[in-house]
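Peer 1: Here is the input, now give the coordinates:
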Amino acid sequence: MNSRFTQLIHIIRRFNRFYTNILGLLDKHMLDSEFSLAEVRVLYDIGHMEICTAKRLIEELRIDPGYLSRIIKRFEKANLIFRVQCAEDGRSHYLYLTDKGKNTLSKLDDLSNGQIYQMISSLPEQDQMNVVESMRTIENAFLRKPVQAREKVTIRYDLRPGDVGYLIHLHGWIYAQECGYNHAFEGYVCKTFYNLLENYSPEKDRLWFAEVNGKMIGAIAIVGHSAIQAQLRWFILHPVFRGDGLGTKLLNKAIKYCKEKGYHQVFLETTEDQETAIKMYVKAGFVKVREQENKAWGKDLAEQTYELNLT
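Peer 2: A predicted model of the protein is given here:
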């Protein structure tokens, strides 16, 4: 096992110990009832599953069948749930909450909400958002489903304080990780954004920012150079959000904007190693018109210019 995984495992185990303590506090104080957390979760799922059976509970909760059987019997005895025999399979039963069960679950939900409120209300607002975002990140990573099926992506085009700073960070991080570019590339990106902000005009320039839960995960921009020519710039997408068509959506928005503004031509500059992006450009109609060497970013590269005629 290499040192990187050793460090990751150490951090995850430390977090597990910390969060186990949190769950212990919740178990002891939050519910403050006769039910354990496992029992509350079973009661919750019976109340919220569209078709609830013991088999589905075992699959969803990964709970021991014998333990679940004891919980169900206890709930029946307390008049919290009732069973209805499945017409297709006489050995199976659908599980439903009684009125008493619904009322009990509602009270437990209120207790749970109240305890969590006490836990986070003392945190600064930004820390509250960071905690929630981190929990989403963990959940999404282990769901292993297409990202956009898990989280809603929104796209805005108003330029806000902090946007450019984060885009510079995103460029520096992604291009260092994926392409091996050095700090000089990040300096180059800083200069290009400085020039934009010095001359920015919403009448000729536009930036689109893709966000998930308020956090930027990608962008693209059009910078007007004259009444008839514009440049496509800063097209970037976080690796986790690739492969679901978001990049194509951003590119199409940029090209549509150029047509609406009456630009006759759009050009862009890229490097030969951006193979996926180049395929998108070519598919959209861009044609390579120039190529030159670039040794400024820690690698020997071929810098390429592509043009798209809109007339």
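
Peer 1: which stretches of this structure form strands?
Peer 2: 81-85, 93-97, 153-156, 206-212, 215-224, 229-237, 265-271, 287-294, 301-309 (DSSP state E).

Peer 1: Could you point out which of these sits nearest Val131?
Peer 2: strand 215-224 (13.6 Å; Cβ to Cβ). For glycine as for every other residue, the C-beta is placed from the backbone atoms N, C-alpha and C.

Peer 1: Report the backbone C-alpha coordinates of that closest one in CSV.
Peer 2: In CSV, the C-alpha atoms belonging to strand 215-224 read as follows (Å, rounded to 0.1, in the frame of the first residue of the first chain):
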residue,chain,number,x,y,z
LYS,A,215,-20.3,26.0,-6.1
MET,A,216,-18.6,26.7,-9.5
ILE,A,217,-17.8,23.5,-11.4
GLY,A,218,-17.2,24.9,-14.8
ALA,A,219,-17.2,27.9,-17.1
ILE,A,220,-16.9,29.3,-20.7
ALA,A,221,-16.6,32.8,-22.0
ILE,A,222,-16.8,34.9,-25.1
VAL,A,223,-14.7,38.1,-25.4
GLY,A,224,-15.5,40.5,-28.1
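
Peer 1: Identify the residue nearest Leu237 in space, chain neighbours excluded?
Peer 2: Among residues not flanking Leu237 along the chain, Gly218 sits closest, at 3.9 Å (Cβ to Cβ, 6 or more residues apart in numbering).

Peer 1: where does this structure dip in pLDDT?
Peer 2: 1-4, 23-32, 90, 144-151 (pLDDT under 70).

Peer 1: can you map out the helices along the chain?
Peer 2: Along the chain, the segments classed as helices by DSSP state H run 3-25, 37-48, 54-61, 65-77, 99-120, 125-143, 147-150, 163-179, 183-199, 246-261, 275-284.

Peer 1: With respect to Ala210, which of these lies nearest?
Peer 2: helix 246-261 (6.2 Å).

Peer 1: what's the spacing between the closest one and its chain's center?
Peer 2: In terms of Cα atoms, centre = their mean, to the nearest Å, the centre of helix 246-261 is found 23 Å from the chain centre.

Peer 1: Tell me what angle that helix forms with strand 265-271.
Peer 2: On the basis of axes from the mean of the first three to the mean of the last three Cα atoms, to 10 degrees, helix 246-261 is oriented at 150 degrees to strand 265-271.

Peer 1: Pull out the buried residues from helix 246-261.
Peer 2: By neighbour count on 16 or more other Cβ atoms under 10 Å, the buried set for helix 246-261 is 246-247, 249-251, 253-255, 257-258, 261.

Peer 1: CSV for those residues, including distance to Ile51?
Peer 2: Converted to CSV, the buried residues of helix 246-261 look like this (distance: Cβ to Cβ, whole Å):
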residue, distance to Ile51
Leu246, 34
Gly247, 39
Lys249, 36
Leu250, 40
Leu251, 43
Lys253, 41
Ala254, 46
Ile255, 47
Tyr257, 47
Cys258, 51
Lys261, 53
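
Peer 1: sorry, back to before: of the helices of the chain, which approaches Asp89 most closely?
Peer 2: Of these, nearest to Asp89 by Cβ to Cβ is helix 54-61, at 9.8 Å.

Peer 1: measure His238 to Asn79 for me?
Peer 2: Here the criterion is Cβ to Cβ, to the nearest Å. By it, His238 lies 51 Å from Asn79.

Peer 1: Relative to Val153, how far out is Tyr194?
Peer 2: Using Cβ to Cβ, one gets 29 Å for the distance from Tyr194 to Val153.

Peer 1: ok, these two, which is more surrounded?
Peer 2: Of the pair Tyr194 and Val153, Val153 is the one with more neighbours under other Cβ atoms under 10 Å, namely 16 against 11.

Peer 1: Bridged to that one, which residues?
Peer 2: Val212 (DSSP bridges).

Peer 1: What of Tyr306?
Peer 2: Leu268, Lys288.

Peer 1: these two touch, right, Ala296 and Glu186?
Peer 2: No. Taking Cβ atoms under 8 Å as the definition, Ala296 is not a contact partner of Glu186, at 11.8 Å.

Peer 1: And for Glu186, the neighbour number?
Peer 2: 17.

Peer 1: Show the contacting residues for it.
Peer 2: Residues in contact with Glu186 (Cβ atoms under 8 Å, 6 or more residues apart in numbering) are 168, 171-172, 175-176.

Peer 1: ok, so of those, who is nearest Ile9?
Peer 2: Ala176 (24.7 Å).

Peer 1: can you pull the contacts of the closest one?
Peer 2: Ala176 neighbours (Cβ under 8 Å, 6+ apart): 182, 185-186.

Peer 1: Distance of it relative to Lys191?
Peer 2: Taking Cβ to Cβ, one finds Ala176 at 17 Å from Lys191.

Peer 1: And for Asp45?
Peer 2: 56 Å.
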